[in-house]
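[1] The following comprises the amino acid sequence and a computationally predicted model.
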Amino acid sequence: MPHVLNSFPYFVAAWLFCCGLYGLVTSTHLVHSVVCLAVLQSSTYVLLLSIGYRIGGAAPVFSDISPGRLTVDPVVQALMLTDVVVEAVVVALLLAMVVKAHEKSGSVSPSDLRTMRG
């Protein structure tokens, strides 16, 4: 049973990825596509945190930890924070593009945007 608990975050990450990908592929609304992309990217948070987590590990603040004590990986936590910032920028950019597409065509359906010419 402990092996199943150790792999549970990986299953959650895979499930989030599949849900986001399914929503992205089947979406008929651009805002829905952006939200599905955010869900898809949130699977990377779960994946990164599960990679860096150590059972019984302390927080990676080394001022009060004795040498040789097990800690979680601070590099993976920094990567996850960077991932959060990147996702915020990507979502903001995509939503701005959706607003512009709506201003130009009057629709947020991807099938209606095929008729637009640049």
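    Done, it's in.

[2] rest of the way, CA atoms for contacts and neighbours
    OK.

[3] what's the longest helix in the chain?
    The helix that spans the most residues within the chain, counting by DSSP state H, is helix 74-105.

[4] Worst mean pLDDT across the helices and strands of the protein, which element?
    Within the chain, no helix or strand scores below helix 2-26, which has a mean of 87 by mean pLDDT, DSSP states H and E.

[5] What separation do you get for V31 and V84?
    Distance from V31 to V84, counting by CA to CA, to the nearest Å: 19 Å.

[6] got the buried residues for the longest helix of the chain?
    For helix 74-105, burial by neighbour count (16 or more other CA atoms under 10 Å) applies to V76, Q77, M80, D83, V84, E87, V91, L94, L95, V98, V99, A101.

[7] helices or strands next to that helix in the packing?
    Applying 3 or more CA pairs under 8 Å, 6 or more residues apart in numbering; DSSP states H and E, one finds that helix 74-105 contacts helix 30-52.

[8] and the angle for the helix it packs on with helix 2-26?
    On the basis of axes from the mean of the first three to the mean of the last three CA atoms, to 10 degrees, helix 30-52 is oriented at 160 degrees to helix 2-26.

[9] Please state the offset of helix 30-52 from the chain centre?
    For helix 30-52, the separation from the chain centroid amounts to 2 Å (computed by CA atoms, centre = their mean, to the nearest Å).

[10] just stretch 65-76 next, same as before
    So, by CA atoms, centre = their mean, the centroid of stretch 65-76 is 25 Å from its chain's centroid.

[11] who's in contact with the nearest residue to H29 once chain neighbours are set aside?
    The shortest distance from H29 to any non-neighbouring residue, by CA to CA, 6 or more residues apart in numbering, is to S109 (4.9 Å). Going by CA atoms under 8 Å, 6 or more residues apart in numbering, S109 touches T28, H29, L30.

[12] Nothing else from me, thank you.
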